[in-house]
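Participant: based on what follows, work out the 3D shape:
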Amino acid sequence: MTVDLEFSWPQFLWIAFIFVGVPTTIGASIIWTIWRSERTGLEHSTTVLGGGHTGSGSLGLWSTGLLAFALGFLSCVGWLSWSADYKGGFRGPGLPAPTQFPTWQVVACGLTVILACFGSAHCSRWMKAGGMTAAAGTAAGFTTEHSASTPVLMSPDRQAWASHCPRSDGASPLPH
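Facilitator: Below is the predicted model of the structure:
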């Protein structure tokens, strides 16, 4: 069987907009509210510790989010671009990404994402807003990388998943 690989930028951008851009924008507005509340509470506090911030690190919200994004992206690349099976076989890395993984690989990926989020949050100078920013950044990075394998068009028998993806030419992504 021949697999025809073709990366579609319009599909990737649409998927990234829907699954990364919209949720991250909503999350950013919530984080901004939390940050304002945290900053106001700090200004009214009689015991200001840590030089005007509430977290343990030195990164601002943008830096925290970018670090978390990169770590979330790398977690997905590192664990889900290849696959091992129980028989000792190995597949990947590359596109199209594998679709089946052993349980230990999925658990290791999940733990890596959680550690990336907690690590990024620990580096932030804002406790509440920094933690939320780390969570949003990690999720955005992971989802962006995962979205990159979605617009890779494959043979028609493996293309059924694409029924929800719009094509730039307006045609159905499924073969007729």
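
Participant: contacts for the lowest-mean-pLDDT helix or strand in the chain next, please.
Facilitator: Sorted by mean pLDDT, DSSP states H and E, the helices and strands of the chain end with strand 90-91, the least confident at a mean of 80. Here strand 90-91 makes contact (CB atoms under 8 Å, 6 or more residues apart in numbering) with 82-85, 98. Where you see a C-beta, it was placed from the backbone N, CA and C, and this is true even at glycine.

Participant: give me the buried subset of the residues you listed.
Facilitator: Buried by 16 or more other CB atoms under 10 Å: 82-83, 98, out of the contacts of strand 90-91.

Participant: in JSON lines: those residues, plus pLDDT and distance to P23.
Facilitator: Compiled in JSON lines, the buried ones among the contacts of strand 90-91 are given as follows (pLDDT from 0 to 100; distance: CB to CB, whole Å):
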{"residue": "W82", "pLDDT": "86", "distance to P23": "27"}
{"residue": "S83", "pLDDT": "86", "distance to P23": "27"}
{"residue": "P98", "pLDDT": "79", "distance to P23": "25"}
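
Participant: list just the nearest of the residues you listed to A116.
Facilitator: Nearest to A116 among these is W82, at 18.5 Å by CB to CB.

Participant: which one is the residue nearest in space to the middle of the chain nearest to, not counting chain neighbours?
Facilitator: The structure's the chain has its C-alpha centroid closest to F142; by CA atoms, centre = their mean the separation is 2.2 Å. Of all residues not flanking F142 in the chain, G72 sits nearest, at 3.9 Å (CB to CB, 6 or more residues apart in numbering).
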